[in-house]
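K.L.:
what follows is a protein structure lacking sequence information:
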């Protein structure tokens, strides 16, 4: 009988989905991860029709594309998932992920809570991480501090974030992203990736 | 409706079971873990009737007990599991684990593969880690280097280790404990512990 050699366990690259309610700091954590380990994994760059915030760089933080270009990507089925988030389109280009996985690198992507639910259906053996603030007050404070926010915009985001918090149960892991302690969150995410590399019986990710 | 507050997720202490075939280096890894983080978790001290090896300290590496004392512990149901391993008894005292979990600390225990199977039935929500050598050759080499080994003893252990390797599929995680790279294995185990602390929907361990 031809049994598999346990010493030659194949290491399939991981697909890590980082999500969480609006304002929790997904973008900050994403940037810290990129800064920490630039070569050992691939960070998916989301395409968006929203204008860049201060300090954001095209091709690093997002691909800032026109509405026409985004429409073309939808039509040609180039996106793993996409959504309208506060009147702006955001979507995840598939080919980037396929290429990175094929090169053997772990892939990290950051999506909103709705997007994560879509991806969970399409790619159940991805690893789903939910970021939360340390408290409801901290979450509201962070949403308020976004200069781009109007009063109504803020109210809408707070209500949405509260609803999004209820999806925590659909995720594999929950990481508290406390104010002034982002490095701690990054450490936890890196630990989750290392643990998942050690997981027995992992199957390859297929998109 | 009274919904749970997601910001006050209770952190249940973990029970981490480290196992693996004979000779893989469970004891060395255990000692490194104790040396690295003496206060953040509790390491279960196994009771054994075998004589101490060089450098082993009673109460730190094992409780070295007489056969009479071990028989008493079996009779009074004080052991989570016990087994005869190469003519020596080894067993895990329950009360130690209960006390440590009650104090809020994560608990790590090291057991042979047969013991891990028993514990999995009793405590399915413990976390099961399987240590393996980097290759079959490395495993045999390590068994050979044990001075206490006779030629027949070695042959028996190699055959047993090969059988034990087949139980890998019953574990949650597999960590390669390569020669000269024990620190890497310790890092992986610490990462697994951090990841499991972040796991959504974890239930408390009950013995």
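P.N.:
All right, it came through fine. Computed from a predicted model, the values in this text were never measured in an experiment. Numbers count the residues shown, from 1 in each chain, chains lettered A, B, ... in the order given.
K.L.:
helices of chain A, residue ranges please.
P.N.:
With DSSP state H, the ranges of helices along chain A come out as A:26-36, A:67-75, A:94-102, A:113-122, A:136-145, A:151-165, A:182-197.
K.L.:
most neighbours per residue, which of these?
P.N.:
helix A:182-197 (a mean of 20; mean count of other C-beta atoms under 10 Å in any protein chain shown). Where C-beta positions appear, they are placed from N, C-alpha and C, glycine not excepted.
K.L.:
which one of the helices of chain A lies nearest to chain B?
P.N.:
In terms of C-beta to the nearest C-beta, the element of those nearest to chain B is helix A:182-197, at 3.5 Å.
K.L.:
residues in contact with that closest one?
P.N.:
A:11, A:14, A:16, A:18, A:25, A:28-29, A:32-33, A:36-37, A:41, A:106, A:127, A:129, A:131, A:173, A:175-178, A:202, B:173, B:187-188, B:190-192, B:194-196, B:198 (C-beta atoms under 8 Å, 6 or more residues apart in numbering or on different chains).
K.L.:
quick one on the thing from earlier: any chance of the helices of chain A in CSV, plus mean pLDDT?
P.N.:
Output for the helices of chain A, formatted as CSV (pLDDT from 0 to 100):
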stretch, mean pLDDT
helix A:26-36, 85
helix A:67-75, 95
helix A:94-102, 92
helix A:113-122, 92
helix A:136-145, 87
helix A:151-165, 87
helix A:182-197, 94
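K.L.:
could you dump the ones you listed into JSON lines with distance to residue B:115 added?
P.N.:
Shown next, in JSON lines, are the helices of chain A (distance: least, C-beta to C-beta, whole Å):
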{"stretch": "helix A:26-36", "distance to residue B:115": "38"}
{"stretch": "helix A:67-75", "distance to residue B:115": "55"}
{"stretch": "helix A:94-102", "distance to residue B:115": "38"}
{"stretch": "helix A:113-122", "distance to residue B:115": "36"}
{"stretch": "helix A:136-145", "distance to residue B:115": "44"}
{"stretch": "helix A:151-165", "distance to residue B:115": "41"}
{"stretch": "helix A:182-197", "distance to residue B:115": "23"}
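K.L.:
indicate which one of those helices is closest to residue A:81.
P.N.:
Ranking the helices of chain A by proximity to residue A:81 (C-beta to C-beta) places helix A:113-122 first, at 4.1 Å.
K.L.:
for that closest one, packing partners?
P.N.:
Contacts defined by 3 or more C-beta pairs under 8 Å, 6 or more residues apart in numbering or on different chains; DSSP states H and E place helix A:113-122 against strand A:15-19, strand A:79-85, strand A:88-93.
K.L.:
of all those, which one comes closest to residue B:161?
P.N.:
Comparing these by C-beta to C-beta, strand A:15-19 comes nearest, at 34.2 Å.
K.L.:
and the closest one with helix A:94-102, angle?
P.N.:
Counting by axes from the mean of the first three to the mean of the last three C-alpha atoms, to 10 degrees, strand A:15-19 lies at 130 degrees to helix A:94-102.
K.L.:
around chain B, pick out the residues from chain A.
P.N.:
A:3, A:6-7, A:9, A:129-130, A:132-136, A:165-166, A:168-169, A:171-175, A:187-188, A:190-192, A:194-196, A:198-201 (C-beta under 8 Å from any C-beta of the partner chain).
K.L.:
centre-most residue in chain A?
P.N.:
In chain A, the centroid-proximal residue (C-alpha atoms, centre = their mean) is residue A:110; its distance is 1.5 Å.
K.L.:
distance-wise, check that one relative to chain B.
P.N.:
17 Å (C-beta to the nearest C-beta, to the nearest Å).
K.L.:
so that residue touches residue A:30, yeah?
P.N.:
Yes. Counting by C-beta atoms under 8 Å, residue A:110 touches residue A:30, with 4.8 Å between them.
K.L.:
quickly list what's touching both of these two.
P.N.:
What both residue A:110 and residue A:30 touch, as defined by C-beta under 8 Å, 6+ apart, is the set residue A:18.
K.L.:
now do the contacts for the nearest residue to residue A:140 once chain neighbours are set aside.
P.N.:
In space, and not counting its chain neighbours, residue A:140 is closest to residue A:158: 5.6 Å by C-beta to C-beta, 6 or more residues apart in numbering or on different chains. Going by C-beta under 8 Å, 6+ apart, residue A:158 touches A:139, A:140, A:143.
K.L.:
name the nearest of the residues you listed relative to residue B:78.
P.N.:
residue A:139 (47.9 Å).
K.L.:
and that closest one, how far from residue A:179?
P.N.:
10 Å (C-beta to C-beta, to the nearest Å).
K.L.:
same question for residue A:97.
P.N.:
For residue A:97 relative to residue A:179 (C-beta to C-beta), the value is 31 Å.
K.L.:
before we move on, what about residue A:32?
P.N.:
For residue A:32, the distance to residue A:179 - C-beta to C-beta - is 14 Å.
K.L.:
got the contact list for residue A:115?
P.N.:
With C-beta under 8 Å, 6+ apart, residue A:115 has these contacts: A:19, A:81, A:82, A:83, A:90, A:92.
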